[in-house]
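Engineer: this is a predicted model, with the sequence first.
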Amino acid sequence: MRILSATAAALSLWALASHVAAAESPEHYPSRPVEFIVPWGAGGGSDQTGRELSKLLQAHFNVPFPIVNVPGGTGNAGMIKMLSAPADGYSVSLLAWDTFALLASRPPKWHMSDLVTLGIVIQLPSGFYVAEDSKFKSWADVEKAAKANPSGLKVAISGFGSPDDLTIRQLAKSGVSLKAVPYAEPGERYSALLGHHVDLLYSPIGNIGNFVSGKQMRPILFFGTEPIKGFEQIPNARDVGYDISLPQRRALVVKAGTPPDIIKKLSNSLSAVVATPEYAAFLKRELASPESYVPTEAASKLMESDLQAMKKMAGKK
């Protein structure tokens, strides 16, 4: 009887293990909530993008994609959290170019080979903004003040090594010296400008649209290649003699080593949700490119091109 009982117990455990394995196999993925890491605080552009995608992916898969905000280290803390999880598709992360730029100037402990890009999901221009009541009425005013008082003007940025930081360094080479002041939380950057603790804010336009429409902030210079609809009177850097056009992009990534079938399932699902009218409306609200989405293979090539451009800005080979 003891032998029969032991055999029955072993068979039960085997059956349970087989059931769990089947439930976790690619054809059954996802069978439980998928952690969606946003390596920034609540309220910023990455958080807004993550929550929109989370909502649409949840509806697509019929399982929760709970947002987990992990600010710190210019997005590095969130990336480390994602890379510390198993490579099983149950932890995905938004990778903003603020964090991606670290690979060009301040190499973190992870590499691009540690990630698989599911697709670039948003592309939008960045720029400098001032408070509505700022004494600076044009970019020419900022240039004049910066040249008269090197490093006297403060700029709120997302972190050292970010595109914000690289842009400021590039401007310094042309004689416009600004002092970068990093803030990990998006809300802190916005408050710093509105409270006149800094003179300028560097931000993608979609992040602070409400402040602009509410007449609390106004753009003074963009870093794009074309005029921004509704802001045609605001110059791009190239219009005033600076060859800088580093857009903000954000991609959805998973840990390398995730089973190919799960990567394919996630990539195909991402392609489907970004093609919905809901996501198109989100891109419009963010003043982002309607052609923002770039699938996996093309995204990898674009990322490599951007990385080389950022290394050049950082003075790296």
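Structural biologist: Yep, that arrived.
Engineer: secondary structure class for A42?
Structural biologist: Classification of A42 by DSSP: H, G, I helix; E, B strand; the rest coil places it in coil.
Engineer: that one and M82: what is the separation?
Structural biologist: 18 Å (C-beta to C-beta, to the nearest Å). In this view, the C-beta of every residue, glycine as well, is placed from N, C-alpha and C.
Engineer: so for these two, which residue has more residues nearby?
Structural biologist: Neighbours were counted for A42 and for M82 using other C-beta atoms under 10 Å; M82 has more, 24 against 16.
Engineer: tell me who's in contact with that one.
Structural biologist: Counting by C-beta atoms under 8 Å, 6 or more residues apart in numbering, M82 touches 37, 91-93, 253-255.
Engineer: among the residues you listed, which one has the most neighbours?
Structural biologist: S93 (28 neighbours).
Engineer: ok, L201 touching V155?
Structural biologist: Yes - counting by C-beta atoms under 8 Å, V155 is a contact partner of L201 at 7.0 Å.
Engineer: same list (the contacts of M82) but as JSON lines, adding distance to G50, pLDDT and secondary structure.
Structural biologist: As requested, the contacts of M82 are exported to JSON lines (distance: C-beta to C-beta, whole Å; pLDDT from 0 to 100; DSSP: H, G, I helix; E, B strand; the rest coil):
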{"residue": "I37", "distance to G50": "8", "pLDDT": "98", "secondary structure": "strand"}
{"residue": "S91", "distance to G50": "13", "pLDDT": "98", "secondary structure": "strand"}
{"residue": "V92", "distance to G50": "10", "pLDDT": "98", "secondary structure": "strand"}
{"residue": "S93", "distance to G50": "9", "pLDDT": "98", "secondary structure": "strand"}
{"residue": "V253", "distance to G50": "12", "pLDDT": "97", "secondary structure": "strand"}
{"residue": "V254", "distance to G50": "14", "pLDDT": "98", "secondary structure": "strand"}
{"residue": "K255", "distance to G50": "17", "pLDDT": "97", "secondary structure": "strand"}
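Engineer: could you redo those as TSV and give each row distance to T276?
Structural biologist: Below are the contacts of M82 laid out as TSV (distance: C-beta to C-beta, whole Å):
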residue	distance to T276
I37	22
S91	24
V92	18
S93	22
V253	21
V254	21
K255	26
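Engineer: which one of those residues is nearest E278?
Structural biologist: V92 (19.1 Å; C-beta to C-beta).
Engineer: ok, the residue nearest to the closest one when sequence neighbours are not counted - contacts?
Structural biologist: Nearest-residue entry for V92: V254, 5.2 Å, with adjacent residues in sequence omitted and distances by C-beta to C-beta, 6 or more residues apart in numbering. Going by C-beta under 8 Å, 6+ apart, V254 touches 82, 87, 89, 91-93, 115-116, 118, 263, 266.
Engineer: what residues are up against the residue nearest to the spatial centre of the chain?
Structural biologist: Computing the C-alpha centroid of the chain and ranking residues by C-alpha atoms, centre = their mean puts A96 first, at 2.0 Å. Going by C-beta under 8 Å, 6+ apart, A96 touches 39-40, 45-46, 75, 248-250.
Engineer: can you put those residues in TSV and add secondary structure?
Structural biologist: Putting the contacts of A96 into TSV (three-state DSSP) gives the following:
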residue	secondary structure
P39	coil
W40	coil
G45	helix
S46	helix
G75	coil
Q248	strand
R249	strand
R250	strand
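Engineer: got a markdown table for those residues, with pLDDT and neighbour count too?
Structural biologist: Output for the contacts of A96, formatted as a markdown table (pLDDT from 0 to 100; neighbours: other C-beta atoms under 10 Å):
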| residue | pLDDT | neighbour count |
| --- | --- | --- |
| P39 | 95 | 28 |
| W40 | 91 | 29 |
| G45 | 90 | 27 |
| S46 | 93 | 29 |
| G75 | 90 | 30 |
| Q248 | 89 | 26 |
| R249 | 94 | 24 |
| R250 | 96 | 26 |
